[in-house]
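Q: sequence first, then the predicted structure:
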Amino acid sequence: MLLQIIYIIAISAEAMTGALAAGRRRMDMFGVIIIATVTALGGGSLRDMVLGHYPMGWVRHPAYLGYVITAALIATALARWMHHLRRTFLILDGLGLVAFTLIGCAVARNAGHPAAIIMVAGMLTGSFGGVLRDVLCNEVPLIFQRELYAVVSLLTGGAYVLLLEAGFPETTVTLGCLAGGFLIRLLAIRYRWEMPKFVYHEELH
């Protein structure tokens with residue numbers, strides 16, 4: 001139930017970030033709604049396609065689309081004030097990342113997949129809505145160039161699998177991983193933890 005509430009808050013926040021990204025690219029309202037929807041629900045949809053998990057989450061629960069579209073429209077109406085909420089969005093995004101990851105891991109685990117697939121499913125759910133948003137907006141995805149993001153998702157998924165294999169109760173594991181993953185994400189933002197970057201300059205002769 002807790003994850004469900006966090007999930008609804010997170011997809012609404014992600015939809016708003018998607019709407020603002022579309023606005024920066026001067027898209028019309030149809031484009032805004034599409035980008036918002038892809039940002040909020042794209043990771044879970046990609047996970048379901050990879051795992052063959054049907055019907056997809058938003059098809060099973062059409063209300064999710066309503067939350068996403070409403071959040072996108074609110075973002076367009078309040079766009080000029082949204083920069084004041086940047087810190088709030090970062091916090092909600094971090095919480096959403098970990099919640100999406102755990103939901104993705106649970107879906108893969110319930111389908112009987114091995115540990116590696118469970119972790120990948122969690123990462124796809126948590127991270128790839130933002131990747132799809134950035135690709136559609138013709139930008140380098142933020143998760144490939146900013147503070148630890150997908151890595152936090154993988155660490156959360158790994159902890160989830162290991163703790164369940166160790167025999168801890170699922171509710172305890174879920175709450176522990178939610179808190180731990182969220183804390184790591186906040187620390188990554190605060191101290192700008194990043195993966196090493198590969199920089200290549202082609203020499204012209």
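A: Sure, I can see it.
Q: could you check how far Thr171 is from Ala99?
A: 14 Å (C-beta to C-beta, to the nearest Å). In short, each C-beta sits where N, CA and C put it, glycine included.
Q: and for His201?
A: On the measure of C-beta to C-beta, His201 and Ala99 end up 40 Å apart.
Q: more crowded one of those two?
A: Ala99 (27 against 5; other C-beta atoms under 10 Å).
Q: for that one, what are its contacts?
A: Residues in contact with Ala99 (C-beta atoms under 8 Å, 6 or more residues apart in numbering) are 3, 6-7, 10, 178.
Q: repeat that with 6 Å
A: 3, 6-7, 10 (C-beta atoms under 6 Å, 6 or more residues apart in numbering).
Q: looking at these, which is nearest Ala71?
A: Lowest distance from Ala71 to the contacts of Ala99 (C-beta to C-beta) belongs to Ala10, with 10.5 Å.
Q: hang on, that closest one packs against Val98?
A: No - the criterion here is C-beta atoms under 6 Å, and Ala10 misses it with Val98 at 9.1 Å.
Q: where's the residue nearest to Arg133 when sequence neighbours are not counted, which helix or strand?
A: Nearest non-adjacent residue to Arg133, counting by C-beta to C-beta, 6 or more residues apart in numbering: Thr39, 4.1 Å away. Per DSSP states H and E: Thr39 is located in helix 29-51.
Q: now that helix: buried residues?
A: 31-48, 51 (16 or more other C-beta atoms under 10 Å).
Q: what separates Gly129 from Gly176, distance-wise?
A: On the measure of C-beta to C-beta, Gly129 and Gly176 end up 25 Å apart.
Q: what of Glu170?
A: Taking C-beta to C-beta, one finds Glu170 at 11 Å from Gly176.
Q: again, but for Ile189
A: 21 Å.
Q: higher neighbour count, those two?
A: A count of neighbours by other C-beta under 10 Å puts Ile189 above the other of Ile189 and Gly176, at 18 against 14.
Q: let me see the ranges of the helices in this protein.
A: According to DSSP state H, the chain carries its helices in the segments 2-24, 29-51, 57-60, 63-77, 86-110, 115-136, 150-165, 170-191.
Q: could you export those as JSON lines, including mean pLDDT and distance to Leu142?
A: Formatted as JSON lines, the helices of the chain follow (pLDDT from 0 to 100; distance: least, C-beta to C-beta, whole Å):
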{"stretch": "helix 2-24", "mean pLDDT": "88", "distance to Leu142": "10"}
{"stretch": "helix 29-51", "mean pLDDT": "96", "distance to Leu142": "11"}
{"stretch": "helix 57-60", "mean pLDDT": "93", "distance to Leu142": "23"}
{"stretch": "helix 63-77", "mean pLDDT": "95", "distance to Leu142": "18"}
{"stretch": "helix 86-110", "mean pLDDT": "90", "distance to Leu142": "10"}
{"stretch": "helix 115-136", "mean pLDDT": "94", "distance to Leu142": "6"}
{"stretch": "helix 150-165", "mean pLDDT": "96", "distance to Leu142": "10"}
{"stretch": "helix 170-191", "mean pLDDT": "93", "distance to Leu142": "12"}
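Q: distance to Ile143 added to the ones you listed, as a markdown table?
A: Listed next are the helices of the chain as a markdown table, based on distance: least, C-beta to C-beta, whole Å:
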| stretch | distance to Ile143 |
| --- | --- |
| helix 2-24 | 13 |
| helix 29-51 | 11 |
| helix 57-60 | 21 |
| helix 63-77 | 20 |
| helix 86-110 | 10 |
| helix 115-136 | 5 |
| helix 150-165 | 5 |
| helix 170-191 | 12 |
